[in-house]
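>>> below are the sequence and a predicted model; questions follow.
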Amino acid sequence: MLLGILKETAPGETRVALLPESLKSVLAQGITVRVESGAGMGAGASDAAYTEAGATIAPSRLALLAEADVLPVVNAPGPTDQARLKPGAVVIGFLRPLETPHALVAAIARPATLFSMELVPRISRAQSMDALSSMATVAGYKAVIAAADRLPRLFPMLMTAAGTIPPARVFVIGAGVAGLQAIATARRLGAVVEAYDVRAAAGEQVRSLGAKFLDVDLGGISAEGGGGYAAELSEEALGRGRDLITRTAAHSDVIITTAQVPGRPAPRLLRKDAIEAMRPGSVLVDLAAPAGGNCELTQPGVEQNLNGVTLLAPLNLPAEVPVHASQLYARNILNFLALILKKGELSIDLGDEVLAGACVAHNGNPVNPRVAKLLEPVTKG
Ligand code: NAD
């Protein structure tokens, strides 16, 4: 049994799926671990650190792809790499099966077994494998740090001999995992924080972090979409949120937006008028940029200055904190691997709800019904 650790190839990616410190339990099962040279460099792990931990360095990426039985990855390998996988290999990572299912067709046809970390069900037993939450935590923290860095003001209230500086006002939209971490980070830096979420359940968590929760009357529309996620809202309900957001934007120094609905484009919550209402010098960080963005002016991946308002739309903030992002991700991956590796052998039981939920494809066919539907014309054709 050979487990391979690839060097990530996506532009700007610095994370690695497993760090040297994560290899102990895998090696203890008699599994061979082979690493592509340089795989951990972005996350501070040298080839030597991997070999000291008991892994070997692969002669080439090609050889590793052809030999590995299990490949934990951060991002899905490209189609050329997929076509070189060992038939029957298991690939586990952020495979974006709902966003870009067609980018996985070569691996499905190989056939490889694909598990998506995004699809791990949000049940108590799988919490230790919840990589989305791990990365959202890192992104929420880093978004506040990036905003504080750009803001031409201080975050904390300061009382000095030269006068008093008022605290920065931060507005967090979407109080899920990233939003709550953004609130906590902004509070630690001394800001006054307000937050908004469509899920009423978020209110208590927001308040427990010392922030003010802004409620919107949705006129009886349910915003709970199941699994702790929000539902996609009607235009009318979205409009009610937008009015509150535009009013709050006018007195905020920093806005961090994190609102998302799984598998759907991010809700457009900030219109041009909200940006126009913001004071020059204020900063908006749109963490929903990978899903299109919460602001209609967002250009994913591009930093803009809009009449003095800085709009950041980062696509991969966890990659800017690669050591801890990789460490958390590696733990999620190890916990997932424990479900499919028994005594050093692969043992995949799709009767297990965590594995069934996360499985994108097995034996050449899509397993996840949503992915199967998205791929219908391809698999039928
Ligand atoms: P997410 O990234 O899908 O969305 C971020 C936030 O945006 C959510 O809180 C959502 O309610 C909010 N949102 C969506 N549409 C909105 C709109 N139109 N206006 C305002 N806000 C909007 O969600 P997430 O952060 O991954 O998690 C959401 C919830 O799931 C949280 O309550 C979290 O605590 C819970 N959760 C549960 C588990 C578990 O049970 N194992 C694991 C992780 C998260």
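Noted; the coordinates are in hand.
>>> name the nearest residue to the residue of the stretch 101-250 of the chain found nearest the ligand, ignoring sequence neighbours.
Residue nearest to the ligand within the stretch 101-250 of the chain (C-beta to the nearest ligand atom): G176, separated by 2.0 Å. Backbone N, C-alpha and C define where each C-beta goes, glycine included. The shortest distance from G176 to any non-neighbouring residue, by C-beta to C-beta, 6 or more residues apart in numbering, is to T258 (6.3 Å).
>>> wait, isn't the one you found in contact with Q181?
No - using C-beta atoms under 8 Å as the test, T258 is too far from Q181 to be in contact (9.2 Å).
>>> find the residues that touch each one of the two.
Jointly contacting T258 and Q181 under the rule C-beta atoms under 8 Å, 6 or more residues apart in numbering are 136, 140.
>>> neighbour count: these two, which is higher?
Using other C-beta atoms under 10 Å, the more surrounded residue of T258 and Q181 is T258, with 27 against 24.
>>> need the contact list for that one.
Applying C-beta under 8 Å, 6+ apart, we find T258 in contact with 136, 140, 143, 172-176, 178-179, 182, 287-288, 294.
>>> just those residues: which are in helices?
136, 140, 143, 178-179, 182 (DSSP state H).
>>> highest neighbour count among these?
Most surrounded of the ones in helices among the contacts of T258: other C-beta under 10 Å gives A182, at 35 neighbours.
>>> still on that earlier bit, gap between the residue nearest to G176 and E232?
T258 sits 16 Å away from E232, going by C-beta to C-beta, to the nearest Å.
>>> one more: R240?
From R240 to E232 the distance is 15 Å (C-beta to C-beta).
>>> and the closest residue to R125 other than its chain neighbours, what element?
Nearest residue to R125 in three dimensions, chain neighbours excluded: V354, at 6.6 Å (C-beta to C-beta, 6+ apart). Taking DSSP states H and E as the definition, V354 sits inside helix 353-358.
>>> following that helix, which helix or strand comes up?
That would be, after helix 353-358 and using DSSP H and E, strand 359-362.
>>> so for that next one, what's the average pLDDT?
Mean per-residue pLDDT for strand 359-362: 97.
>>> can you list the strands that that strand pairs with?
If you go by DSSP bridges, strand 359-362 pairs up with strand 113-116 (antiparallel), strand 365-366 (antiparallel).
>>> which of those strands sits most buried?
strand 113-116 (a mean of 26; mean count of other C-beta atoms under 10 Å).
>>> how about the secondary structure of the closest residue to S134 other than its chain neighbours?
Leaving aside its chain neighbours, S134 sits nearest to L328 (3.8 Å; criterion: C-beta to C-beta, 6+ apart). Three-state call for L328 (DSSP: H, G, I helix; E, B strand; the rest coil): helix.
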